[in-house]
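>>> Sequence first, then the predicted structure, then my questions.
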Amino acid sequence: MKAIGYTSSLPISDENSLIDIELPNPITSGRDILVKVNAIAVNPVDYKIRQNVVSTDGSFKVIGWDAVGEVAAVGNKVSQFKLGDKVYYAGDLNRQGSNAEYQLVDERIVGFKPNSLSDADAAALPLTTITAWELLFEHLSIKQQNPDAIQKTDEVILVVGAAGGVGSILLQLAKTLTGATIIATASRQSSQDWVKKLGADYVVDHTQALQPQIEALSIGQVTHVASLNGSPKYMDTYTELLAPFGKIALIDDPGAFDITLLKAKSLSLHWEFMFARAMHQSTDMMEQSRLLNRVSELVDKGYIQTTTGKNLGLINAANLRAAHAELESGSSIGKIVLQGF
């Protein structure tokens, strides 16, 4: 099969940082399904792994954790899927990624692709959807409602880094399934327009001090923070803004910070890492399949839209290098997708 891989962690400007290769087709067993990959999306985790992780035996490492495809084979313990099913998923950080024509993935972290989206637009969703869903409804414990009968609550969510991949779907989930007031951070006009389109009630500029901007809105205290980037920079601000017993959930890698800041208001801190269930074979792995199927239904009913920002064409080394470079620059809005080999 065709694949894109690497053997050494190199700058993305180096042509050998990602190269086109040929590998044997994977063999299916157990609860694995074999997916013929039709489209993929690229996430910051891709370049972080490329920069920091190489195979120990000198073989090619294949990364990528967002895919849409068709079930080509099923293991002997598979119960949810059959040959020909169209699926979408993020996969497992410990296994071969989606930058290949075929990929093995455990059925418990796979959902049925939204029928109303193209393969490329559906590929933009899985990793960020799982991340946003787990952050909102499992870590922050935001009250979930019927999207046809939303009632306003006193919850106020601050979403920092709202224009990126996770923020783009988190805003939609929050607007569709909760009665919370949503404050998003964005600086550029294009980013501000994007987050307003996706559901933000208010937008504040993260290049300026957040606290006076939010206090000027006169909407009450923030009750929940979704910190999607820059967490160390804002931790003091979060503790000032949050109401007592407020919650902070983050997805970035802030290093060390002083958690004693949280004590005075009894604030809680949560870390969202969507690969945790698959990597550790948790007893509730099936929750990821269920949430992907739920979001697929919401997409097909028109509540949720794709978060595709740019389609870079075929899945090959040159286009993947371009995708990594754009993500590393920090300038992308929405998700970068590729389709076909």
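Perfect, I can see it now.

>>> can you give me the helices for this structure?
All helices of the chain, identified by DSSP state H, fall at 44-52, 119-123, 126-133, 165-177, 189-198, 210-215, 231-241, 276-279, 286-300, 317-329.

>>> Quick one: those helices as TSV, columns for distance to residue 104 and mean neighbour count too.
All C-beta atoms are positioned from the backbone trio N, CA, C, and that covers glycine. Output for these, formatted as TSV (distance: least, CB to CB, whole Å; neighbours: other CB atoms under 10 Å):
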stretch	distance to residue 104	mean neighbour count
helix 44-52	18	18
helix 119-123	18	25
helix 126-133	16	27
helix 165-177	24	26
helix 189-198	33	17
helix 210-215	44	16
helix 231-241	34	18
helix 276-279	12	17
helix 286-300	16	19
helix 317-329	20	19
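
>>> Figure out which of those helices is closest to residue 108.
Closest approach to residue 108 among those (CB to CB): helix 286-300, 4.8 Å.

>>> Go through the helices of the chain and name the closest to residue 269.
helix 231-241 (9.2 Å).

>>> Show me what the closest one is packed against.
strand 156-160, helix 210-215, strand 222-227 (3 or more CB pairs under 8 Å, 6 or more residues apart in numbering; DSSP states H and E).

>>> And stretch 122-141, end to end?
For stretch 122-141, the first-to-last residue distance is 26 Å (CA to CA, to the nearest Å).

>>> what's the nearest residue to residue 268 if we skip its chain neighbours?
Once flanking residues are discounted, residue 268 sits nearest to residue 247: 5.0 Å by CB to CB, 6 or more residues apart in numbering.

>>> Neighbours of the one you found, how many?
19 (other CB atoms under 10 Å).

>>> Could you measure from residue 71 over to residue 13?
To residue 13, residue 71 is 37 Å away according to CB to CB, to the nearest Å.

>>> do residue 125 as well
Separation of residue 125 from residue 13 (CB to CB): 30 Å.

>>> who's more crowded, those two?
Set side by side, residue 125 and residue 13 show more neighbours around residue 125, with 33 against 8, by other CB under 10 Å.

>>> for residue 252, phi and psi?
Main-chain torsions, residue 252, degrees, to the nearest 10: phi -90, psi -170.

>>> Count the residues that sit near it.
Counted with other CB under 10 Å, residues neighbouring residue 252 total 15.

>>> ok, now which ones touch it?
When contacts are counted by CB atoms under 8 Å, 6 or more residues apart in numbering, residue 252 touches 227, 228, 229, 230, 231.

>>> Now the second one: closest residue in space that isn't a chain neighbour?
Take residue 228 and drop its neighbours on the chain: the residue closest to it by CB to CB, 6+ apart is residue 161, 3.5 Å away.

>>> Need the phi and psi values for that neighbour.
The phi/psi pair for residue 161 (degrees, to the nearest 10) is phi 80, psi 40.

>>> Looks like it contacts residue 191 (just checking).
No. With contact defined as CB atoms under 8 Å, residue 161 and residue 191 do not form a contacting pair (10.0 Å).

>>> on that earlier part again, closest one to residue 139 among the helices and strands packed on helix 231-241?
Smallest distance to residue 139 across the helices and strands packed on helix 231-241 (CB to CB): 9.1 Å, for strand 222-227.

>>> got a list of contacts for the closest one?
Contacts of strand 222-227 with the rest of the structure, by CB under 8 Å, 6+ apart, involve 135-136, 140, 142, 154-161, 167, 170, 180, 183, 214, 234, 238, 241-243, 246-252.
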